[in-house]
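K.L.:
take a look and give me a structure for this.
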Amino acid sequence: MDGPEVLSSAGSAAPHAREVTRLRDVSRAQWKSGLAAWLGWLFDGLDMHLYTLVALPFVAELLATQGTDPRVKEYGSWIQASFLVGWALGGGFFGRVGDRLGRTRALVLTILTYALFTGLSFFAQTWWHLFIFRFLAALGIGGEWAVGASLLSETWPRRWRPWMAAVLQTGGNLGILLACSAYWVVSHLALPNRGVFLVGVLPALMVLWIRRSVPESDEWHQATTQRAGRAPGVASLFRGGIRRTTLLAMAVCATALTGHWAFLFWSTQHLRSLLDREGWPASQVGAQVSEAFMLVIGVSIGGNFLAAALARRVGFRRAIALLCVAYFCCLTVCYGVPRDPDGLLYFLAAIGVCHGVFALFTMYLPPLFPTLLRTTGAGFCFNIGRIVAAFGTVFFGLFARVGDYRLALWYAAFLFIPAGAIALFLPENPAPQNPEAAAAC
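P.N.:
The predicted model follows:
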């Protein structure tokens, strides 16, 4: 760590840690760690969604063909799958880095990784160039999720975890809105679609500040000092009492994330295909898709805080289960019957509210694991779901014979039923709840 500043963890289990109850009592070091994690998530959201907005036209450009060519859908699916697999592997790899070298060092490495390779996507000349660049960028994005979540869970008060989950997820939502805004500008100025990837270089500008100003958590320092022998590895997740938690968390994340990413990726392609059928000009199609996606993400910011309030009342696992059921209901109603573009907007807003379920995983998963296995455990369990989601994206896009993707999205909705059911068997997060919820659990 650079400098003498050491962050006392309000979220630590150490007996001497003082629980902070008022916002004005939060230390300067805690504010820095919170800002670093939030900015990391902001640029995560930016870099991860630039491709979903330009997938079909950019892949068509790389293949020197029209967007209606079946190869565009095929190669676009494989590129998105490579991104999700990279995200999963990055969560595991940088999770180990975060547990061994510290949270802030790992945070710097993850941000540099996704900023560099998102920017390089601008220079892709063939589809497999983009395939490689998106995979490598995803390594950093997946790693940043686990590192940022663990840093915040160790440095901010336990009783605020639901609200911090909402705030951190909001950073990702605002990053997505920034991506939509960048694409909106590109569409209105009739610039090349690949130009949006240059915006993804922006995160690299903040790594120097993080390295020099953001301290490691006191909890991680203590655990490292007290460690006897070798640090626990990934295999430790499948031993003893922690094995059950690992398997259940993996199952919930795998099913929920597959359904979620099927929606995020194919819903934009579905809307684009509807607009193309109605004869909209290409520039207006891009702008309309961007505006619709901004609606979903804008509403999801409110959904984050609704999810946090629900978690405070009934606990994390029950809130996750309820929101999975709500996600299922909204998707089945939205895509159960054919709708025109205007008719989709109301349902897309309702789906956006359900996105708050993924905010809860942010502060729910890390505290379930020991300190020196925390970023590994959270990153592995959450991001392993992205490998399943990668194959799900390819399956729904290629093997479900649905020209407008509507039925693929409808089928994906049913994944939220097992996700909600399995969530009820998870242990409750140690974050305090109100008395009624605590007694009920």
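
K.L.:
CA only for contacts and neighbour counts going forward, please
P.N.:
Fine.

K.L.:
touching, Ala149 and Tyr364? I think so.
P.N.:
No: counting by C-alpha atoms under 8 Å, Tyr364 is not a contact partner of Ala149; they are 9.3 Å apart.

K.L.:
more crowded one of these two?
P.N.:
Comparing Ala149 with Tyr364 by other C-alpha atoms under 10 Å, the one with more neighbours is Ala149, at 30 against 26.

K.L.:
report the contact partners of that one.
P.N.:
Neighbouring residues of Ala149 by C-alpha atoms under 8 Å, 6 or more residues apart in numbering: Ala37, Thr362, Met363, Pro366, Thr375.

K.L.:
quickly find the element holding the first one.
P.N.:
Assigned by DSSP states H and E, Ala37 belongs to helix 28-63.

K.L.:
pull out the buried positions in that helix.
P.N.:
Buried positions in helix 28-63, judged by neighbour count with 16 or more other C-alpha atoms under 10 Å: 29-30, 32-63.

K.L.:
also stretch 111-126?
P.N.:
Within stretch 111-126, the residues that qualify as buried are 111-122, 124, counting by 16+ other C-alpha under 10 Å.

K.L.:
surely Pro215 is within a helix?
P.N.:
No: applying DSSP: H, G, I helix; E, B strand; the rest coil, one finds Pro215 to be coil, outside a helix.

K.L.:
what's the separation between it and Ile301?
P.N.:
Going from Pro215 to Ile301 by C-alpha to C-alpha, to the nearest Å gives 28 Å.

K.L.:
now Val26
P.N.:
The gap separating Val26 from Ile301 is 24 Å, by C-alpha to C-alpha.

K.L.:
ok, the two, which is more surrounded?
P.N.:
Neighbour tally, Val26 and Ile301, criterion other C-alpha under 10 Å: the higher count belongs to Ile301, 23 against 16.

K.L.:
any idea whether the more buried one is helix, strand or coil?
P.N.:
Assigned state for Ile301: helix (three-state reduction, three-state DSSP).

K.L.:
under the pLDDT cut-off, which ranges of the stretch 251-400 of the chain? List them.
P.N.:
Within the stretch 251-400 of the chain, the segments meeting pLDDT under 70 span 283, 385-386, 389-390, 392-400.

K.L.:
which parts of it are helices?
P.N.:
282-314, 316-335, 341-354, 357-364, 374-394 (DSSP state H, counting those that start in this stretch).

K.L.:
wait, which of those helices is closest to Leu248?
P.N.:
Between Leu248 and the helices of the stretch 251-400 of the chain, the shortest gap by C-alpha to C-alpha is with helix 374-394, which sits at 8.9 Å.

K.L.:
and the very next helix or strand once past that closest one, what does it pack onto?
P.N.:
Later in the chain than helix 374-394, the nearest helix or strand by DSSP H and E is helix 406-413. Judged by 3 or more C-alpha pairs under 8 Å, 6 or more residues apart in numbering; DSSP states H and E, the packing partners of helix 406-413 are helix 242-277, helix 316-335.

K.L.:
let's see 10 Å
P.N.:
If contacts are counted by 3 or more C-alpha pairs under 10 Å, 6 or more residues apart in numbering; DSSP states H and E, helix 406-413 sits against helix 242-277, helix 316-335, helix 374-394.

K.L.:
from the chain's centroid, how far away is the second one?
P.N.:
Pointing back at helix 316-335 there. Relative to its parent chain, helix 316-335 has a centroid offset of 17 Å by C-alpha atoms, centre = their mean, to the nearest Å.

K.L.:
same question for stretch 26-44.
P.N.:
Relative to its chain's centre, stretch 26-44 lies at 16 Å (C-alpha atoms, centre = their mean).

K.L.:
gap between Gly315 and Leu275?
P.N.:
Gly315 is 42 Å from Leu275, by C-alpha to C-alpha.

K.L.:
ditto for Leu130
P.N.:
Separation of Leu130 from Leu275 (C-alpha to C-alpha): 26 Å.
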